[in-house]
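Peer 1: Sequence and computational prediction follow.
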Amino acid sequence: MLELKNINFSAGGQNILKDLSLKISTGKFIAITGPNGSGKSTIAKIIMGIEKPNNGQILFNGIDITNTSITERAKLGISFGFQAPVQFKGLTVLDLLNLSAGKKLDYSEARSYLYKVGLCGSKYLNREVDSSLSGGELKRVEIANVLARNAKLSIFDEPEAGIDLWSFNNLIQVFNDMRAEYKGSIIVISHQERILNIADEIVLIQDGSVNKKVRTSKDLDNASGLACCCQLKKGETA
Amino acid sequence: MNKLNLTNIDTTLLEAVADNGNAEIGKGAFSLRKNGKSVFINNTPNITIVPKKDLPGIDIYFRAETKGETMRMPVVVTEEDINDMVYNDFYVGKNADVTIVSGCGIHNDGNKDSVHNGIHRYYLEEGARVLYKEKHYGEGSGEGKRILNPESEVHLGKNAYMEMDTVQIKGVDSTIRSTTGVLEDGASLIVKEKIMTHGYQSAETRFDVQLNGKDSRVQVTSRSVATENSTQKFVSKVYGNNECFGHVECDAIIKDNAKIISIPEIIANNIDANLIHEAAIGKIAGAQIVKLMTLGLTEEEAEQEIINGFLK
């Protein structure tokens, strides 16, 4: 489904990703974790095309997408949930859901996506996606948009960042549901053990490279160099 | 006066500015002005339209306690070298709750300018409520400019409420819009304006609101997009002369070689006046474009979607 081959990326004189290679199979739920600054979010952005690697190759379903635009990658079936959701003056939650789905959703369809992330459709569909929504609400709308894309590969960049405890418990349910129902592949960048434990595989990134791939967060405890992964807060619930 | 022959251009302009204006002709209170002359008037038991004797224009009387009626008053200009000045006065009786749909459409295929200057004065009695909707639209292939200069003078009595929604999206070369308001106790004025300019167009908006009454409030929201070589200027002055609330918000998107000037002025003449002015001018945020591209839109489609939403 997705293969990153020998990816290097640098910015501001720093080598962020170093000869990183990673394969993700169809239908798998992969969690990528690691310390702050290890390059996790950069991997997500490189897959979506938001950042361009200095060298290396990206294959998606056998197609070389290394030099394709964000739009082309979206059309090929990659979707992306931002760590810090973008706000828009004037565009409503329904507008964004319609754009995500690529069609005008009927009211019940649109509501169902919001329901999945714990928001009441009648209350939120006509709200503008701006600062009148709280951080947790914006995050849930962002995740609803990824669900509405129904893409072959869904990437979530730290979905737990900035949300409250109630939203976090709801978020775990969203990923459990996706794990059970969704046919595409999922990549979640996360520090949270409860999210990591939903994944088929956990990829530990350190210093811009893949340090280890494990099955559960328990195995991570024994991973070499994990002492540096100070952001991995075992047992924490946001 | 009531026999009406409309050309295709007339009906196009009416559709653009009069909120389903063609279908509503003759059904309710209606005044149509064409090329500087009043050509159609229709009254209802509660709304009376009287042509002025000394000046071009009309006086409109809304009976007290009138509820839910709409008055439409489109203006169409289809000839070049027209310089129309019209004075319309609105008298809204106590506790009336009505909608006024106004607008001016100009079609100018000639090489001389077409100008419409509308001066509206509103007098709302105690407890009266008015929703005023206005659209400006210009079209035509000639070199002649399409110029609109609306002036509004709003007098709000005790606990009166007026909401003004104005839209100028396309085809007007030059406009100076001036709105003044005087508010008594408990009165509220809500202004929402949307402007988009392109080419070498210019648009200027001036607000001057006197919050004289206790608990009076004004809320002005201006959203504008200036593209190509167009210029926009937004000047607002809100005077807090009593315990009152004023909030002016001016948001503008700038593109290409456009120029936008925003001049906020809030004047508190009373210790209990609460006045806020927010102004922001900037290009479309790159993150917004990237976000919409991740949904499958091209950069151009993303930009258009952001502008459409902003001006919606």
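Peer 2: Received, thanks. Residues are numbered from 1 along each chain as shown, chains lettered A, B, ... in the order given.
Peer 1: center of chain B - which residue?
Peer 2: B:T166 (3.1 Å; CA atoms, centre = their mean).
Peer 1: elements contacting whichever helix or strand A:I43 is part of?
Peer 2: Per DSSP states H and E, A:I43 falls inside helix A:40-48. Counting contacts by 3 or more CB pairs under 8 Å, 6 or more residues apart in numbering or on different chains; DSSP states H and E, helix A:40-48 is packed against strand A:2-11, strand A:14-24, strand A:29-33, helix A:70-76, strand A:78-81, strand A:153-157, strand A:185-189. Using the backbone N, CA and C atoms, a C-beta is placed for each residue, glycine as well.
Peer 1: partners of the very next helix or strand once past it in the sheet?
Peer 2: Where DSSP H and E defines the elements, the next helix or strand beyond helix A:40-48 is strand A:55-60. Strand A:55-60 pairs in its sheet with strand A:2-11 (antiparallel), strand A:63-64 (antiparallel), by DSSP bridges.
Peer 1: mind listing what's buried in the first one?
Peer 2: Just to be clear, that refers to strand A:2-11. Buried positions in strand A:2-11, judged by neighbour count with 16 or more other CB atoms under 10 Å in any protein chain shown: A:2-5, A:7, A:9.
Peer 1: Near chain B, which residues of chain A are found?
Peer 2: A:48, A:50, A:69-71, A:74-75, A:79-80, A:82, A:86, A:88-92, A:95-96, A:99-100, A:102, A:145, A:149 (CB under 8 Å from any CB of the partner chain).
Peer 1: Tell me the spatial nearest neighbour of B:L32, not counting adjacent residues.
Peer 2: Spatial nearest neighbour of B:L32, excluding adjacent residues (CB to CB, 6 or more residues apart in numbering or on different chains): B:F40 at 4.1 Å.
Peer 1: The helix holding A:I43 relative to strand A:2-11, how many degrees between them?
Peer 2: Interaxial angle of helix A:40-48 relative to strand A:2-11 (axes from the mean of the first three to the mean of the last three CA atoms, to 10 degrees): 120 degrees.
Peer 1: ok, and what's touching helix A:40-48?
Peer 2: Residues outside helix A:40-48 that contact it (CB atoms under 8 Å, 6 or more residues apart in numbering or on different chains): A:2, A:4, A:7, A:9, A:16-17, A:20, A:22, A:32-34, A:51-53, A:58, A:70, A:73-74, A:78, A:80, A:83, A:153, A:155, A:157-158, A:187, A:189, A:205, B:294.
Peer 1: I'd like the distance from stretch B:272-290 to the chain centre, please.
Peer 2: In terms of CA atoms, centre = their mean, to the nearest Å, the centre of stretch B:272-290 is found 22 Å from the chain centre.
Peer 1: okay, how far is it across it, tip to tip?
Peer 2: Terminal residues of stretch B:272-290 lie 45 Å apart, using CA to CA, to the nearest Å.
Peer 1: Checking it against chain A, do any of its residues make contact.
Peer 2: Yes - with CB under 8 Å from any CB as the measure, stretch B:272-290 is seen reaching chain A through B:285, B:287-288, B:290.
Peer 1: Buried ones from these, can you make that a ChimeraX selection?
Peer 2: Buried residues among those (16+ other CB under 10 Å), as a ChimeraX selection:
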select /B:288,290
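Peer 1: Provide a list of residues in contact with the residue nearest the centre of chain A.
Peer 2: Among the residues of chain A, the one closest to the centroid is A:F156, at 1.0 Å (CA atoms, centre = their mean). If you count contacts by CB under 8 Å, 6+ apart, A:F156 has them with A:81, A:143, A:146, A:186-190.
Peer 1: Let me know the next secondary structure element after the helix or strand of chain B with the lowest mean pLDDT.
Peer 2: Here the helix or strand of chain B ranked lowest by mean pLDDT, DSSP states H and E is helix B:21-24, holding a mean of 60. Sequence-wise, the next helix or strand downstream of helix B:21-24 (DSSP H and E) is strand B:29-34.
Peer 1: C-alpha coordinates for the helix or strand that that following strand is followed by, CSV please?
Peer 2: Next along the chain after strand B:29-34, taking DSSP H and E as the criterion, comes strand B:37-42. Listed next in CSV are the C-alpha coordinates belonging to strand B:37-42 (Å, rounded to 0.1, in the frame of the first residue of the first chain):
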residue,chain,number,x,y,z
LYS,B,37,-37.8,57.5,-13.0
SER,B,38,-40.3,55.7,-10.8
VAL,B,39,-42.1,53.2,-13.1
PHE,B,40,-44.1,51.0,-10.7
ILE,B,41,-45.6,51.3,-7.2
ASN,B,42,-47.7,48.8,-5.3
